[in-house]
Structures are given as C-alpha cells and as structure tokens.
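[1] Following is a predicted model, sequence given first.
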Amino acid sequence: MTAAALLLAGLLAAGPAPAPDVTVEAGAVTYEPALERYRLRGGARLRRGDAVLRAGEATYDVASGEIVAEGGVLLTDPTRAFAADRIRAVLGGAIEAERVRAFLKAAPADLSGVATPEAARAAGRNALVLSGDRLAADARGRFHLLGARLTLCDCGEGSPPSWEVRAREADVVPGVRATLSSAVVYVAPPFAGRQIPVLWLPWLYVPLGDRQTGLLLPELTSPGVTLALPLFVTLGRSADLTLAPQWTFTGEAVRGPGARLELRWAPAPGAEGRVELTAIDDRRDEGGPDAVDGGRFAIDGQHAQHLGGPATRLAVRLSLAGDPRWPRDFSADRLARDAGYSRSSLLLSHRRDALVLEGGAAWLQPFGGPDVDYGVFGAGRDGMHRLPFASAVLLPAGLGPLELEGRAGIVRFAPAYTERDPLGRVAATRADARLELSAPWLAGGALAVRPFLRAAGAAYAFEDGTPGSASGWALAGVSLSTELSRRYGAIRHAVIPRLEWRLGSDARGDGLATLAYDGFDRTAAGTLSAAPPGTLHQLRVAVETRLSTSSGTPLRLEVGQDLDLAASRAGETFVDVGVAAGPFRAEATARFLAFADRVEPAPAPAIPSALDDLTELRARGSLALGRRLSVHGVILSVGPGASGTLVAGPDALFDLRPAARGAVGSATAGARIALGPGTLEYEATLAGRAQGDVAACSEGGAPRRVDGTHVLEHRGTFVWESPCRCFRLVLAARVDDCGNLTPRAQLELTRPPSR
C-alpha cells in the first residue's frame with residue numbers, strides 16, 4: 001500500500017499500562033497477522049508522541065513493541081537524536097544500534113521535522129556528541145558504547161571538534177558523567193584543521209553536567225610552578241567542594257607539598273558563599289630574619305544572604321593568613337604582595353525607607369616585618385579592631401520644605417591582646433552622632449541653592465583607666481550652582497559654575513588627645529580626622545564647561561580653587577578633564593598648590609620628581625585601534641603629604657595638614673588583541689615615579705633605585721574560547737624586573753562547576 005497511514009491504538013509498552021498511540025507511515029506497509037508484525041518499506045516513519053523513527057525499512061512487532069529498522073535510520077525525541085545503520089528498539093524501553101552517531105541536546109528542541117543526521121545536529125545546541133560501532137541503551141537513558149568517540153564540542157558538520165576522546169568503550173549517563181576505558185584525548189589546534197592525539201589514559205571520568213563529582217584536569221598555577229590535581233565533589237543540590245592536592249616544584253619563596261580545599265554553598269535564593277583553605281609544607285629555607293617556612297596556611301572566604309526579605313542582609317568576609325609573609329609569597333599580583341593588612345568583617349544591615357541600620361565587627365591583620373611573636377592571625381602585633389560596632393544612618397528625608405539626614409553609632413576599638421596599638425592608642429568605646437538639616441531650593445528657576453546646618457559630637461570611654469571624654473562641634477554651609485547653555489546645531493555647550501562654602505567651629509569639650517580612631521573623630525593629633533583643628537572656614541569655587549551631543553559628551557573640563565578663608569590664603573587648585581573622540585577615551589584629575597605652599601611643610605621626598613609639584617594626579621586613557629586591538633594606560637601619583645581632599649574628613653572640604661607619609665606613584669600600560677575566539681592581553685606595571693626602596697633581586701641585597709618609567713612587572717594572558725563552546729584555555733605569565741617567571745595554565749574541557 002502506497003503512502004499508507006495506519007493508527008495503532010492500545011499497544012502495550014514494557015509494562016502493564018497501555019502505550020500511547022503509534023502512527024506508522026511508509027511507501028509500502030504489510031501486516032502479518034500470525035506474527036502481529038508490520039513490515040514497512042520505502043521510507044518508513046514511526047511516531048509515538050514526540051519520538052519519531054525514520055528508516056529505509058522497518059518491522060514493528062505489535063505485541064512486544066519492538067522496532068527493527070535499517071538503512072539511514074534516524075531516531076529523535078526532544079532531547080536526543082540517534083543516527084545509525086541499524087537500530088533495534090522497544091517502545092519505552094531499550095535501544096541497540098550499530099555504527100551510530102548520537103546528539104544529546106543541551107535543552108529540549110523540536111526534532112520532529114528533521115529527516116537527516118545533519119539537520120538533527122543543527123537543531124538546537126548539542127551538549128554531547130558521540131559515535132561508536134555498537135550502542136546499547138536502557139530504558140532510563142544510560143547507554144554503553146563500543147569503539148566510542150565522545151566530545152562536548154558543537155562544531156557543526158564538516159569541522160573537526162576542538163577536542164575529542166576516543167576509547168575502547170564508554171559508559172554514559174547523559175547529563176551526569178561518562179567513564180571511558182583505554183581513552184586517547186585528541187585536540188585540533190587552531191588553524192591545524194585536523195586532530196592530534198595528545199594523551200592516553202587507561203581510564204577517564206568526564207563529568208557531563210554543571211555539577212558532577214569527578215576529577216578535573218590538572219592545573220598549572222603559581223607561586224613558582226605549582227601542579228594541582230583537583231577533585232570536584234557535589235554535596236547535594238546546593239553545595240560542592242573542590243579538593244586539590246598540589247606540589248610547588250620551583251619557587252622563589254615557596255616549595256613543597258600542599259593542598260587547597262574550596263567549599264561553596266547556595267542553600268537558598270539570595271544566599272551563597274565560599275571558603276577556601278590553603279595549606280603547604282614549605283620546604284624552602286630562605287634564611288634571614290623575616291623568612292617563613294614549615295607549615296603554612298591561610299583562610300579566605302565570604303558569605304552573603306538575605307534574612308527574611310531583601311531589606312535585611314548578612315555579609316561575612318574572611319581573610320586570614322597564618323604568617324606575615326603570606327601575601328608576598330603566595331600572591332602573583334604585585335600590588336597584593338605589598339598589602340599592609342587584610343580585613344575580615346561581619347556586617348548585618350537592615351533598610352527601612354530612609355533608615356539604614358548596621359551592626360557587626362571587623363578584624364585587621366597586619367602583614368610584613370619580621371616574624372617575631374606574630375601570634376595567631378597577627379594577634380601578636382595587633383591593631384585597632386572594631387569589636388563590635390553598630391550604627392543607624394538616616395538618609396536624606398523630606399521634612400516639609402527641608403531635608404533631614406544624620407548618623408548615630410557606637411563602636412569599640414580594641415587591640416585583641418595588647419594594651420596599645422602600634423600608634424599608641426588604647427582600647428576605647430566611642431558613641432558618635434551627626435545631624436544635618438538642609439533647605440534645598442531653586443532660586444529664580446535657575447540657581448540651585450542648598451544651605452545646611454550640621455551638628456556632630458563624640459564621647460569616649462577608655463579601658464586603661466583614663467577618664468572618659470566628649471566633644472562636639474557645629475558646621476554651617478551652602479552650595480550654589482547653575483547652568484548656562486546654548487546649542488550649536490547638534491552640539492550643546494553648557495557652562496556650570498559652582499560654589500561651596502563651609503564654616504565650622506572648633507571642637508568643644510575634653511576631646512580626643514590621641515590620633516583619631518577613624519574619620520568621625522575630631523582631634524588635633526595628626527591628620528585623617530573629621531576636620532582640621534580650630535575654626536573651619538573654607539570655600540571652593542569651580543567652573544565646568546561641557547560639550548554634549550546625542551551620542552555622548554566629547555569634552556568636559558572643570559577648573560577650580562580651594563580657599564582657606566580662616567587664614568586668608570589659597571589652597572589647592574584642581575583640574576578635571578574628560579575627552580571622548582571616536583575610539584579615544586581619556587580622563588584626568590590633577591590637584592596642585594598653584595598660589596601658596598602648605599603652612600606645615602610636607603616631608604621631603606627621598607628622591608625628587610617632577611610629579612612632586614602635583615599633590616595628586618589620577619589619569620586613565622584608552623584607544624581602540626580597529627575592532628580587534630585596544631591600548632590603555634593608568635597613572636596614579638600622590639605627592640609628598642598627599643592632597644587636601646585625600647586627608648580631609650567628612651566635615652571639611654579639604655585639610656592641608658600633610659599626611660605622615662612619603663610620595664607614592666604607580667602606573668600601568670597595556671594592550672588587548674582579539675584573535676577570533678581568542679584574546680591576548682598584555683599589561684606592564686611601572687614605578688610611576690622614582691623610587692629608592694624597590695626590593696633587591698638577590699637575597700640580602702640592598703634596596704634598588706629605579707626611575708618612574710622602570711617596568712616592575714610584565715603580565716601576559718592568553719584566553720582561547722573554543723568556537724565549538726566546549727573548552728576554555730587560559731595561559732598566563734608574570735615576569736618581574738628580576739626575571740622571575742610566574743606561569744599559570746588552566747584548561748577546561750568540560751563545563752566548569754557552578755559556583
């Protein structure tokens with residue numbers, strides 16, 4: 001019968017319940033009543049729900065539900081497609097196939113209309129592509145494959161996969177894992193056009209899901225040359241861990257066996273965290289007073305979650321090292337190696353309309369210096385930890401025509417084990433409060449006016465028997481701004497003058513005789529307090545000019561001047577500029593003393609520099625050279641004594657008392673090149689200004705002197721994202737100016753575990 005279509009109802013599957021209807025189509029259909037079997041020839045097609053089988057010819061046993069098909073067989077359902085020379089399948093049951101290719105989809109796709117293996121491959125993204133001589137699958141979807149070839153690459157027809165594993169046999173649980181025996185890993189290098197065998201393994205475990213227990217590929221990381229073999233373990237639906245035994249073979253400061261344990265969890269929406277414990281038996285004896293070896297460890301982690309809704313949030317940050325040289329020896333980043341301390345904290349916050357409540361604690365762990373009585377996590381040196389603190393912040397809230405904002409807090413500053421911190425401060429509990437009332441309004445429809453009154457105060461209870469103290473002060477001010485603009489065709493030109501004036505009283509009361517604990521204290525001892533001592537009378541004037549178009553702001557320039565009206569003298573002059581022209585972007589801020597020097601001179605720099613004339617310089621720029629290449633650069637310089645805005649507290653516009661530190665500078669320059677699916681990045685860290693305290697290359701040598709253009713470190717990174725979306729290769733290296741190489745290599749053949 002030609003183009004016949006028979007509807008067979010009430011067929012039994014592999015169980016007592018009736019099977020769904022089966023539709024059979026073919027050029028010729030023959031029914032054998034004695035055998036209860038249909039023979040289909042001339043383009044057979046059988047459909048059961050979303051499952052469709054196509055073949056040159058097929059037989060269908062009604063009683064058993066068995067189908068035997070030959071000649072260009074294609075079996076599809078929404079999640080998979082099998083193409084084979086011959087297939088034997090039972091409706092709702094097992095499948096056997098010869099010379100088979102299979103495409104397992106990453107998400108359900110409509111495959112009911114595809115008629116060829118090429119069309120089945122192209123319909124939807126393939127999570128797993130495999131082939132083999134013989135395949136046997138059970139009713140649950142698990143199958144066994146002889147002469148297996150397996151890849152997660154989805155390269156399309158005619159293109160060799162970026163990587164493929166060929167094995168004598170494979171046991172596959174789709175979406176979970178594949179285990180392969182006598183496996184050979186083949187890769188297709190970029191531009192090679194063919195696959196090359198690179199690794200033979202007697203047994204290989206390949207996770208096929210985002211979160212499946214199994215061995216990951218070895219990692220080559222720093223410090224020195226460290227080889228790690230990570231094991232990924234799932235701990236239910238919301239937690240997992242990675243355990244990575246490792247060995248550092250060569251390193252300037254570290255050598256020996258170790259391990260890294262990382263635990264991750266996400267028990268509920270809006271709640272997630274991780275903690276990583278690193279330990280190493282450092283067998284490199286460096287010698288010297290600041291050397292550290294033997295058992296070393298560090299803990300790093302964080303956790304954040306909402307409590308009872310989005311208004312309440314808990315955040316925990318943990319950063320602890322077992323010795324003061326951990327950042328220097330284990331960080332590949334130069335800036336991180338020079339860190340003076342790490343901060344661990346706990347913060348619980350709650351927001352209700354304009355009110356924010358916070359509470360928690362913070363621990364500061366110092367680094368650097370000789371390892372003498374260092375204590376647990378730096379307790380031997382100690383610092384002013386916040387143990388604990390609480391605050392209430394009122395955000396600007398309307399009060400009729402007025403706005404009210406303020407803050408109240410209580411905090412205990414205390415060393416953990418010593419009586420005084422290195423700055424001579426004793427443990428103390430401080431209560432502080434600030435309240436500000438403003439009346440913003442628009443005068444004449446053009447002038448924005450915001451006058452305000454502020455009152456602040458702090459009270460202290462000292463734990464060494466010193467009598468408590470308290471102080472208070474007041475502040476008044478006003479800010480004025482307007483905008484004058486005119487349009488020239490598509491360009492809008494605006495001129496925006498601004499003025500800000502502040503008048504503040506001296507602190508009244510016993511006050512604080514020591515250095516400030518933080519920026520909410522008012523003290524005459526040193527900088528970094530809420531405001532300079534004495535009466536505060538300051539003015540800041542500035543004029544901004546801006547060119548705007550519908551596509552952005554090609555030019556922005558602001559010039560301003562700080563004025564100390566109490567001393568009748570000029571403060572810092574500042575310039576802020578931004579330029580955007582086609583592929584070029586740049587912005588810079590510079591502050592300098594153009595009309596008068598500081599009343600208190602800043603400490604003279606050990607090595608003079610042209611940048612000393614600038615109390616602060618921040619600049620960055622980038623240039624896109626076509627679609628594939630871009631370059632960028634950043635420079636930061638702080639002159640001797642720092643700028644008045646860097647040391648000013650929340651009450652002052654500026655504070656020209658010099659900070660007790662020398663001039664510092666740094667700069668980076670780099671480029672980024674896109675190479676198809678690959679990206680090559682290079683960045684260099686420069687001294688930024690002349691320095692005389694750069695560490696010597698040889699052990700025990702004297703510090704070196706370098707100029708501002710001296711390159712302290714080169715960093716290069718190459719990232720290759722497979723066009724087939726099946727692997728990611730990261731090659732990175734850092735080379736310092738002493739020639740020390742820090743490599744890092746990472747290859748992900750499977751999808752990385754969810755974090």
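    Nice, I can see it.
[2] Distance-wise, check the closest residue to Phe249 other than its chain neighbours relative to Thr742.
    Leaving aside its sequence neighbours, Phe249 sits nearest to Val225 (CB to CB, 6 or more residues apart in numbering; 4.9 Å). Every C-beta, even on glycine, is put in place using the N, C-alpha and C of the backbone. Between Val225 and Thr742 the distance is 9 Å, computed by CB to CB, to the nearest Å.
[3] Name the residue in the two with the higher neighbour count.
    Under the neighbour definition other CB atoms under 10 Å, Val225 and Thr742 were set side by side, and Thr742 has more, 22 against 18.
[4] Would you agree that one falls within a helix?
    No: remark: Thr742 does not belong to a helix; assigned using DSSP: H, G, I helix; E, B strand; the rest coil, it is strand.
[5] in the sheet, who's paired with it?
    With beta bridges defined as DSSP bridges, Thr742 has these partners: Arg734.
[6] Quick check: it touching Gly716?
    No: under the criterion of CB atoms under 8 Å, Thr742 is not in contact with Gly716, lying 11.0 Å apart.
[7] Mind listing what's buried along stretch 435-452?
    Residues of stretch 435-452 classed as buried by neighbour count (16 or more other CB atoms under 10 Å): Glu436, Ser438, Phe452.
[8] Oops, could you answer that again for stretch 672-680 instead?
    Buried residues in stretch 672-680, counted by 16+ other CB under 10 Å: Arg672, Ile673, Leu680.
[9] Closest one to Asp693 out of those, please.
    Proximity of the buried residues of stretch 672-680 to Asp693 (CB to CB) peaks at Arg672, which lies at 31.8 Å.
[10] Quickly list what that closest one is bridged to.
    Each beta-bridge partner of Arg672 is listed here, defined by DSSP bridges: Ser630, Glu681.
[11] Kindly report the same for Ala455.
    Going by DSSP bridges, Ala455 is paired in beta bridges with Leu435, Ala474.
[12] so who does it touch?
    Contacts of Ala455 were listed using CB atoms under 8 Å, 6 or more residues apart in numbering, and they are Arg434, Leu435, Glu436, Gly472, Trp473, Ala474, Leu475.
[13] For the third one, list the residues it contacts.
    When contacts are counted by CB under 8 Å, 6+ apart, Glu436 touches Leu404, Glu405, Gly406, Phe452, Leu453, Arg454, Ala455.
[14] in stretch 349-369, what's buried?
    By neighbour count on 16+ other CB under 10 Å, the buried set for stretch 349-369 is 349-350, 356, 358-367.
[15] Also stretch 233-240?
    Buried positions in stretch 233-240, judged by neighbour count with 16+ other CB under 10 Å: Thr234, Asp240.
[16] ok, for Pro608, nearest residue in space, not its chain neighbours?
    Spatial nearest neighbour of Pro608, chain neighbours left out: Ala690 (7.7 Å); criterion: CB to CB, 6+ apart.
[17] and the one you found, how many neighbours does it have?
    Burial of Ala690 is recorded as 20 neighbouring residues (other CB under 10 Å).
[18] Model confidence score at it, please.
    We have a pLDDT of 87 for Ala690.
[19] swap in the one 3 residues further on?
    Confidence at Asp693, expressed as pLDDT, is 80.
[20] quick one: secondary structure of it?
    State at Asp693, reduced to three classes by three-state DSSP: strand.
[21] Correct me if wrong: Ala433 contacts Val393.
    No: taking CB under 8 Å as the definition, Ala433 is not a contact partner of Val393, at 11.3 Å.
[22] who touches both of the two?
    Applying CB under 8 Å, 6+ apart, one finds that Ala433 and Val393 are jointly contacted by Gly406, Arg407.
[23] Who does Phe718 form a beta bridge with?
    For Phe718, the beta-bridge partners under DSSP bridges are Leu680, Leu731.
[24] what's around it, how many residues?
    There are 17 residues near Phe718, going by other CB under 10 Å.
[25] how near is it to Gly626?
    Using CB to CB, we find Phe718 at a distance of 19 Å from Gly626.
[26] re earlier: looking at the buried residues of stretch 349-369, which are in strands?
    Among the buried residues of stretch 349-369, the members falling in strands are Ser349, His350, Val356, Glu358, Gly359, Gly360, Ala361, Ala362, Trp363, Leu364, Gln365, Pro366 (criterion: DSSP state E).
[27] Now Val579. Nearest residue, chain neighbours left out?
    With sequence-adjacent residues excluded and distances taken as CB to CB, 6+ apart, Val579 is closest to Ala586, at 4.8 Å.
[28] got it, and Asp133?
    According to CB to CB, 6+ apart, the nearest residue to Asp133 is Gly147 (3.6 Å).
[29] Tell me the first helix or strand C-terminal of the host helix or strand of that neighbour.
    In this assignment (DSSP states H and E), Gly147 forms part of strand 143-151. For strand 143-151, the succeeding helix or strand toward the C-terminus, using DSSP H and E, is strand 163-173.
[30] in that following strand, what's buried?
    With burial defined by 16+ other CB under 10 Å, the residues of strand 163-173 counted as buried are Trp163, Glu164, Val165, Arg166, Ala167, Glu169, Ala170, Val172.
[31] Next, give me the two most distant ones among those.
    Checking these against each other with CB to CB, the farthest-apart pair comes out as Trp163 and Glu169, at 19.3 Å.
[32] circling back: got the buried residues of stretch 435-452 as a markdown table, with pLDDT and distance to Leu646 columns?
    Below are those laid out as a markdown table (pLDDT from 0 to 100; distance: CB to CB, whole Å):
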| residue | pLDDT | distance to Leu646 |
| --- | --- | --- |
| Glu436 | 98 | 23 |
| Ser438 | 97 | 26 |
| Phe452 | 98 | 23 |
